[in-house]
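Participant: the following comprises the amino acid sequence and a computationally predicted model.
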Amino acid sequence: MAFDNIVGQTKIKEILSRSLAKQRVPHALLFHGPEGVGKEAMALEMAKALVCQQDKAGYCNTCPDCQRIGQLTHPDVYYIYPAMSTTTDKEHAEVKQSIVQNPYLRLNPWASPTISIDRIREIKRTSAMTSFENKGRVVIIAEAQKMTVEATNSLLKILEEPPDNMTIILTSSQPALLLPTIISRCQNVRFSPLNWDEIEQAIRAKQEVSVERSNLVAKLSSGSLRRAFELLDEALDERRERTIEILRTVIRGDMERLLLVEELVAKEEKKTIQEYLEIMLVWFRDVMIFSEGGDESMLVNLDKRDTLERFSQSFESFDYHAIVGQIEQALERIRRYVYINLILINLFSFLKQQLRRKHG
Ligand SMILES: [Zn+2]
């Protein structure tokens, strides 16, 4: 079956397989959805299906075409991704290597990379030539919302008169940042977050990991396989301990809270702070399940059952939904703003108000 390399997304596989079988793949597709759910991986598999000569309705994954597409060396398949104008060939080679090894984990070592007009012009230039092989060309533009204004306008012209024998696949985790005229010229395919089982199976297929750990990682991953792989690499247990410590400090006093924020912002990367908040989020969800007498197998931090129990018993009742809402909002703000001190101070004082120790 085609798309064996893709985790989950069954419905999308069906839709794409059908359009391949009928040879009715649109000139332009937009794969959108959260990060790390397989948009770019699927784009590469689609490229194989469109180019491979061995299998009319799918692809073989073994012929030279399929192999070269997987290695990102096929002359008829372009893979464009955001980068810097200063990116060196060596860096490009490293990014490409990361895609070849695992398309769910493309490296992105830059803070604000873009897709320049030069890259889009390349498409135009090559579309005028006949393809090296004969089944057509595929252009993949990953995270297409990172195109500069000039690049977007140039792509728009291409989409207005799509070259014969060329399929353009855009991917985007923030489609709201794309021009409506770009979106409307593509067939939109929405990717969903993966479920816990899909993530667990996928990480265990890729590396040796215990059931407990893959279970925990899957539940913390927000349905993103990329996130799950990242979490596997990190000192997750340490992070959880630290998060619980942060919560303990938060409920102490105003001064402790300010010092904590200062220390976090000075010493930790933004990404790590986001992780603490994500862990906090599932921590409170667990506390909620626990105190409402819910199904304990649903607990993310099942291995910390005792700590959870103590935690949920040591406070007066508090508004879980409000807390979860505030943490989610803080995460969203941190994603958008550079300065996170104020966001953390606000969140932590809210938590302090909510979490009142029981006396006696
Ligand atoms: Zn093939």
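Facilitator: Arrived safely. Numbering: from 1, shown residues only.

Participant: list the contacts for Gly38?
Facilitator: For Gly38, the contacting residues are 6-9, 103-104, 191, 194, 225, by Cβ atoms under 8 Å, 6 or more residues apart in numbering. Yep, even glycine has a C-beta here, placed from its N, CA and C like the rest.

Participant: make it 6 Å
Facilitator: Contacts of Gly38 were listed using Cβ atoms under 6 Å, 6 or more residues apart in numbering, and they are 6-7, 9.

Participant: any chance of these in a markdown table, with neighbour count, distance to Lys90 and pLDDT too?
Facilitator: Conversion of the contacts of Gly38 to a markdown table gives the following (neighbours: other Cβ atoms under 10 Å; distance: Cβ to Cβ, whole Å; pLDDT from 0 to 100):
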| residue | neighbour count | distance to Lys90 | pLDDT |
| --- | --- | --- | --- |
| Ile6 | 22 | 30 | 94 |
| Val7 | 21 | 30 | 95 |
| Gln9 | 23 | 33 | 96 |
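
Participant: what's the closest of those residues to Pro163?
Facilitator: Ile6 (27.0 Å; Cβ to Cβ).

Participant: next up, the contacts around the closest one.
Facilitator: If a contact means Cβ under 6 Å, 6+ apart, then Ile6 has 38, 41-42 as its contacts.

Participant: distance check, Ser214 against the ion.
Facilitator: 32 Å (Cβ to the ion, to the nearest Å).

Participant: which element, helix or strand, includes Arg335?
Facilitator: Remark: Arg335 resides in helix 320-336, with elements defined by DSSP states H and E.

Participant: how far off centre is that helix?
Facilitator: The offset between the C-alpha centroid of helix 320-336 and the centroid of the whole chain comes to 19 Å, using Cα atoms, centre = their mean, to the nearest Å.

Participant: packing partners of it?
Facilitator: helix 270-291, helix 341-354 (3 or more Cβ pairs under 6 Å, 6 or more residues apart in numbering; DSSP states H and E).

Participant: who wins for proximity to the ion among those helices?
Facilitator: Ranking the helices and strands packed on helix 320-336 by proximity to the ion (Cβ to the ion) places helix 270-291 first, at 38.1 Å.

Participant: list the buried residues in stretch 182-189.
Facilitator: Of the residues in stretch 182-189, those with enough neighbours to count as buried (16 or more other Cβ atoms under 10 Å) are 182-183, 185-186, 189.
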